[in-house]
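**Q** following is a predicted model, sequence given first.
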Amino acid sequence: MKTTTTVIIGAGQAGLAFSKRLADRSIDHVLIERGEVANSWRTERWDSLRLLTPNWESRLPGYAYDGDDPDGYMDMAEVVQFMQGYADTTGAPVQTNTTVKSVHPADVGYVVATDHGEWHCPTVVLATGACNIATVPKVAADLPSAIKSITPMQYRNPQQLQDGGVMVVGASATGVQLAREIQRSGRQVTLSVGEHVRLPRLYRGRDIKWWMDVTGLMNMSYTEVDDIKRARGLPSLQLVGTPERSTLDLNALREDGVRIVGRLAGLHDGKAQFSGALGNLCALADLKMNRLLDSIDNWATANGIDGEVEPARRFAATQLDPEPTLGLDLTTAGIKTVLWATGYRPDYSWLNVPVLDRKGRIRHDGGVVDAPGMYVMGLPFLRRRKSSFIDGVGDDARDLVNHLCSRLHRQAA
């Protein structure tokens, strides 16, 4: 059995950032990665995907984007190159193509069993991310057998789909991006919309992420939020990264011909039932967007930059059909595929430590897991609003490495 101070499970942005912070403190460690560096970016994304954050916001400890397109959005090959470059530059001790079979407590610390042997360590970091398994609702089992069911982790491009209509369930970042791509391939898309977060790509001439960064919104701490459980479960932003820097919201999808319906409430005998609350959800999304724009305008005025940016404006309210669609016969509508863009969840099936709640979520306080010497990285709003973004893992890793070091010092004393 090999020994080290810290085993990091996962070599994506979260694991690599934690590795760099440990190396800066001269703490010996190893990263265990089931594939290659940035494995999820390599193998579990659709062909056309780009980051929804601008390139300048790709920042890791001691490393940042330095190309000639700071306002662009990396495609997946560029993301992988960026991550691999970071691993090479920092000399991260990654053990690739190694699968973790189990993590269980030892007399002191933990034993991490892999298909290439075991590690004993006093501290362990779970950096496998929040998007290991696509979440598919139970109602999917009621689809007619002739209609294919697929998740975004299986989807690569429209050509793999059957001819005919497609129902995309879920209208967060993934759902709206795939709805547009599939609609433009010549297939009629029906988009089932629940709670969502609407934002413009550009506001007053700047990327919305620039505003969220400079105003400090992305640095908001989990301790400043009234209901952190709800904040961690909010849908991802309706944003897309394109060379045109275009806004992708429900209005843009309607212009492309996408049929907008409410949240999928049930399936029975090949007929889909949709919630009648779509109008209320869209009004709420519009309201929250305008509150954010108000706060941006106030910040711009208070900081004296009104003259440096475009004038304030407001966007048209979300447009919906006068009579909402409450039911749809999928066969009559020509729907041959349902794509479940209904979110993701982590996979902790290998974690033999009692730290999961009844819903399978890991119990932690800002990344400090409810088990001695265990930490988690890369989850939404872990310590800050930006925790699940490339730009957010560096600050989280700094905080948690400080905690880890204090623990080691106490043990040594």
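**A** Thanks, I have it.

**Q** spatially nearest residue to His29, not counting backbone neighbours?
**A** Nearest non-adjacent residue to His29, counting by CB to CB, 6 or more residues apart in numbering: Thr6, 4.0 Å away. C-beta: built from backbone N, CA, C; applies to glycine.

**Q** in the sheet, who's paired with that neighbour?
**A** Beta-bridge partners recorded for Thr6 (DSSP bridges): His29, Thr123.

**Q** would you mind measuring from it to Met377?
**A** Counting by CB to CB, to the nearest Å, the gap from Thr6 to Met377 is 12 Å.

**Q** neighbour-wise, which of these two wins?
**A** Met377 (28 against 24; other CB atoms under 10 Å).

**Q** who's in contact with that one?
**A** When contacts are counted by CB atoms under 8 Å, 6 or more residues apart in numbering, Met377 touches 10, 14-15, 17-18, 125-127, 367, 393, 396-397, 400.

**Q** check Gly129 too.
**A** By CB under 8 Å, 6+ apart, the contact list for Gly129 reads Gly10, Gly12, Ala14, Ser40, Pro346, Gly378, Leu379.

**Q** A strand includes it, no?
**A** No - under DSSP: H, G, I helix; E, B strand; the rest coil, Gly129 sits outside any strand and is assigned coil.

**Q** per-residue pLDDT, it?
**A** For Gly129, the pLDDT comes out at 90.

**Q** repeat for Ala173
**A** On the pLDDT scale, Ala173 is placed at 96.

**Q** measure it to Leu51 for me?
**A** Applying CB to CB, the value for Ala173 to Leu51 is 11 Å.

**Q** ok so, going back, what sits in contact with each of Thr6 and Met377?
**A** Joint contacts of Thr6 and Met377 (CB under 8 Å, 6+ apart) are Val125.

**Q** CA atoms of the one helix or strand Leu22 maps to as PDB?
**A** For Leu22, the host element (DSSP states H and E) is helix 13-24. Listed next in PDB are the C-alpha coordinates belonging to helix 13-24 (Å, rounded to 0.1, in the frame of the first residue of the first chain):
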ATOM      1  CA  GLN A  13     -10.200  22.100 -12.900                       C
ATOM      2  CA  ALA A  14     -11.100  21.500  -9.200                       C
ATOM      3  CA  GLY A  15      -8.600  18.800  -8.600                       C
ATOM      4  CA  LEU A  16      -5.800  20.600 -10.500                       C
ATOM      5  CA  ALA A  17      -6.400  23.800  -8.600                       C
ATOM      6  CA  PHE A  18      -6.300  21.900  -5.300                       C
ATOM      7  CA  SER A  19      -3.100  20.200  -6.400                       C
ATOM      8  CA  LYS A  20      -1.400  23.500  -7.100                       C
ATOM      9  CA  ARG A  21      -2.400  25.000  -3.700                       C
ATOM     10  CA  LEU A  22      -1.000  21.900  -2.000                       C
ATOM     11  CA  ALA A  23       2.200  22.100  -4.000                       C
ATOM     12  CA  ASP A  24       2.600  25.700  -3.000                       C
END
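
**Q** who does it touch, helix- and strand-wise?
**A** The helices and strands touching helix 13-24, judged by 3 or more CB pairs under 8 Å, 6 or more residues apart in numbering; DSSP states H and E, are strand 6-9, strand 29-32, strand 59-60, helix 76-90, helix 393-412.

**Q** with distance to Ala333 added, can I get these in JSON lines?
**A** Below are those laid out as JSON lines (distance: least, CB to CB, whole Å):
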{"stretch": "strand 6-9", "distance to Ala333": "44"}
{"stretch": "strand 29-32", "distance to Ala333": "47"}
{"stretch": "strand 59-60", "distance to Ala333": "45"}
{"stretch": "helix 76-90", "distance to Ala333": "32"}
{"stretch": "helix 393-412", "distance to Ala333": "43"}
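
**Q** mind putting these into TSV with distance to Thr342 and mean pLDDT?
**A** Below are the helices and strands packed on helix 13-24 laid out as TSV (distance: least, CB to CB, whole Å; pLDDT from 0 to 100):
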stretch	distance to Thr342	mean pLDDT
strand 6-9	26	98
strand 29-32	29	98
strand 59-60	30	98
helix 76-90	22	97
helix 393-412	25	96
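
**Q** deepest in the core, which of those is it.
**A** Ranked by mean neighbour count, these are led by strand 6-9 with a mean of 27 (mean count of other CB atoms under 10 Å).

**Q** how far is that one from where the chain is centred?
**A** Relative to the mean C-alpha coordinate of its chain, strand 6-9 is positioned 22 Å out (CA atoms, centre = their mean, to the nearest Å).

**Q** switch to numbering from 375
**A** All right, first residue 375 from here; so that's strand 380-383.

**Q** who's in contact with that strand?
**A** 389, 392-393, 396, 401-406, 474, 477, 484, 486, 493, 495-502, 778.

**Q** which among those residues end up buried?
**A** Among those, those classed as buried by 16 or more other CB atoms under 10 Å are 389, 392-393, 396, 401, 403-406, 474, 477, 484, 486, 493, 495-502, 778.

**Q** in space, what's closest to Leu666 - neighbours in sequence excluded?
**A** Leu573 (7.3 Å).

**Q** mind listing what the one you found touches?
**A** With CB under 8 Å, 6+ apart, Leu573 has these contacts: Ile582, Leu611, Gln612, Leu613, Asp623, Met663, Leu666.
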